[in-house]
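> what follows is a predicted protein model with its sequence.
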Amino acid sequence: MDKVKVGIIGAGGMGAGHANTMKSVDEVELTAVCDVEKKVAEQVAEEHQVRAFTDYKALIDSGLADAVIVATPHYFHPPISIYAMKRGLHVLSEKPVAVTVAAADQMNKTAQQTGVKYAVMYQNRSVPLYRAVKRLIEEGRLGKLYRTCFIDPHYRSQAYYDSAPWRATWKGEGGGVLLNQAPHGIDIFTWLAGLPVRVMAKTRTRRHKIEVEDEASAMLEYANGAIGYYHTSVNEWPGGSYMELCGETGKIVIANGKLRFHTLETPIQEFTEKNDQMWASPPLREEEVVVEETESGHKAIIRNFARAILYNEPLLSPGVEGVVSLEFINALVLSGKKNEPVEIPVNRDEYDELIEELKKRSKAKKVSGPTKRITDPHHLV
């Protein structure tokens, strides 16, 4: 085949956005859409002249698709993805791949057993700047990492949370800013710096009338002794992120999409031990980093997913790596709830028990007016 036939499951919001994006991806053909709301499914299907479904199993079993994009609320990603994999369909899941690490483990296990292509929509991995930073790290230009910092604020109004009954509830969404707005940044942070082995977090609901956290901060400890700091919220405007990765031979700073890279002529530890001048510092220089312009965003991930199916091209954002950001997220939520340090890998049983308890205490949420399924236009590119 020269095109991958794709069905989209979850046609409102982001799913509708992916349907539009696919028009400019030569390697794919949209053949079906599914949504629990019949009107939404039929509207998107009519727009794209494809078949509409309200049952994801019916779409998967129809023979119309070689692969599916799963763009439903978080809790439904694992069962839909696993069902599709077991029937031989390739899967591209929206982020996060699941609410819990245990559910993500099951997705990974099924993908490995079935041999299908499995990707996650972490489109920031396709951004040229981050790919350039990844190369620097893989080439050893930073040396041994000794400190990290990532501050990644966002903003959401109360109207956003009041737009749908499932939003910002433990039962409907499974988490707050950490699970919804922060995963893209967390994925890049852990992709570049690796996972810490221990976190001490504080999570709280500060500005919104919601069940879940709208702010989270954490101190991080890494296996090699490095330390770090992380912060996110939906309480700040203007937003913009700031990341520092500090190593023995270099330092990377990424601030609001701008990169600075300094290298040291002598590793810090060596200079500290051998230098005999009281006020000396290691000589350094700022290097210009070559950032190769390539296609990025949702389009790049969808195209790469299709080319992995057609030509066995390596995945830019493998689904099996979706568990990494979830380890980080689950660890911060668990630490915040326990008010004590938490080890990574997260204890699967303990986190599942926590989520089930939070879901039991979750209250039904009434929304005035119709549910709004509108995706942030900034995330449709």
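Arrived safely, thanks for sending. Residues are numbered from 1 along each chain as shown.
> quick one, helices of the stretch 1-150 of the chain?
For the stretch 1-150 of the chain, the helices identified by DSSP state H, counting those that start in this stretch occupy 14-21, 38-48, 56-61, 77-86, 101-114, 128-138, in order along the chain.
> which of the residues in the third one are buried?
Spelled out, that is helix 56-61. Buried residues in helix 56-61, defined by neighbour count with 16 or more other C-beta atoms under 10 Å: 56, 59-60. In short, each C-beta sits where N, CA and C put it, glycine included.
> how far does that helix sit from its chain's centre?
26 Å (C-alpha atoms, centre = their mean, to the nearest Å).
> rounded mean pLDDT for that helix, please.
Helix 56-61 shows an average pLDDT of 98 in the prediction.
> cool, and the second one?
On average, the pLDDT along helix 38-48 is 98.
> okay if I get the helices of the stretch 1-150 of the chain as a markdown table plus distance to Thr31?
Rendered in a markdown table, the data for the helices of the stretch 1-150 of the chain read as follows (distance: least, C-beta to C-beta, whole Å):
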| stretch | distance to Thr31 |
| --- | --- |
| helix 14-21 | 11 |
| helix 38-48 | 9 |
| helix 56-61 | 9 |
| helix 77-86 | 14 |
| helix 101-114 | 21 |
| helix 128-138 | 31 |
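> can you check which of those gets nearest to Gly240?
Closest approach to Gly240 among those (C-beta to C-beta): helix 128-138, 14.4 Å.
> and the contacts of that closest one?
By C-beta atoms under 8 Å, 6 or more residues apart in numbering, the surrounding residues in contact with helix 128-138 are 124-125, 142, 188, 191-192, 245, 250, 252, 254, 257, 259, 261, 289-294, 296.
> quick check: mean pLDDT across it?
Per-residue confidence for helix 128-138 averages out to 98 on the pLDDT scale.
> buried stuff in it?
Judged by neighbour count using 16+ other C-beta under 10 Å, the buried positions of helix 128-138 are 129-131, 133, 136-137.
> out of those residues, flag the one nearest to Glu265.
The nearest one, if we look at the buried residues of helix 128-138 relative to Glu265 and count by C-beta to C-beta, is Leu136, at 16.8 Å.
> what separates Lys144 from Ile344, distance-wise?
Counting by C-beta to C-beta, to the nearest Å, the separation of Lys144 from Ile344 is 20 Å.
> for those two, indicate the residue with more neighbours.
More crowded of Lys144 and Ile344, by other C-beta atoms under 10 Å: Ile344, with 20 against 14.
> now do the contacts for that one.
Counting by C-beta under 8 Å, 6+ apart, Ile344 touches 195-199, 327-328, 331.
> Ala201 too?
With contacts defined as C-beta under 8 Å, 6+ apart, the neighbours of Ala201 are 216-219, 331-333, 335-336, 342.
> ditto for Pro282
Under the criterion of C-beta under 8 Å, 6+ apart, the neighbours of Pro282 are 264-268, 271, 275.
> of the helices of the stretch 1-150 of the chain, which is nearest Leu284?
Nearest of the helices of the stretch 1-150 of the chain to Leu284, taken as C-beta to C-beta: helix 128-138 at 15.2 Å.
> which one of the buried residues of helix 56-61 is nearest Lys360?
Once C-beta to C-beta is applied, the member of the buried residues of helix 56-61 that ends up nearest Lys360 is Tyr56, at 26.3 Å.
> relative to Pro79, how far out is that closest one?
Distance from Tyr56 to Pro79, by C-beta to C-beta: 9 Å.
> how about Val197?
As judged by C-beta to C-beta, Val197 and Pro79 stand 31 Å apart.
> who's more crowded, the two?
Neighbour tally, Val197 and Pro79, criterion other C-beta under 10 Å: the higher count belongs to Pro79, 17 against 14.
> following element in sequence after the longest strand seen in the chain, please.
The strand spanning the most residues in the chain, taking DSSP state E as the definition, is strand 145-153. Scanning the chain past strand 145-153 towards its C-terminal end, the next helix or strand to appear is helix 158-161 (assignment: DSSP states H and E).
> next one: that following helix to chain centre, how far?
Worked out by C-alpha atoms, centre = their mean, helix 158-161 lies 22 Å from the chain centre.
> identify each buried residue in that helix, please.
Counting neighbours by 16+ other C-beta under 10 Å, helix 158-161 gives 160-161 as buried.
> next: stretch 284-303.
By neighbour count on 16+ other C-beta under 10 Å, the buried set for stretch 284-303 is 296, 298-303.
> re the thing from before, take the contacts of Ala201 and keep only those in strands.
Restricting these to those inside strands, with DSSP E as the criterion, leaves 216-219, 342.
> now tabulate the residues you listed in TSV and tack on distance to Gly12.
Output for those, formatted as TSV (distance: C-beta to C-beta, whole Å):
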residue	distance to Gly12
Ala216	27
Ser217	33
Ala218	33
Met219	38
Val342	35
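> and the two most separated of the residues you listed?
Ser217 and Val342, at 14.1 Å, using C-beta to C-beta across the ones in strands among the contacts of Ala201.
> if we can go back for a sec, direction included, what does the longest strand of the chain pair up with?
Strands that pair with strand 145-153, judged by DSSP bridges, come out as strand 227-233 (parallel), strand 242-247 (antiparallel).
> I'm done for today, thanks for sticking with me.
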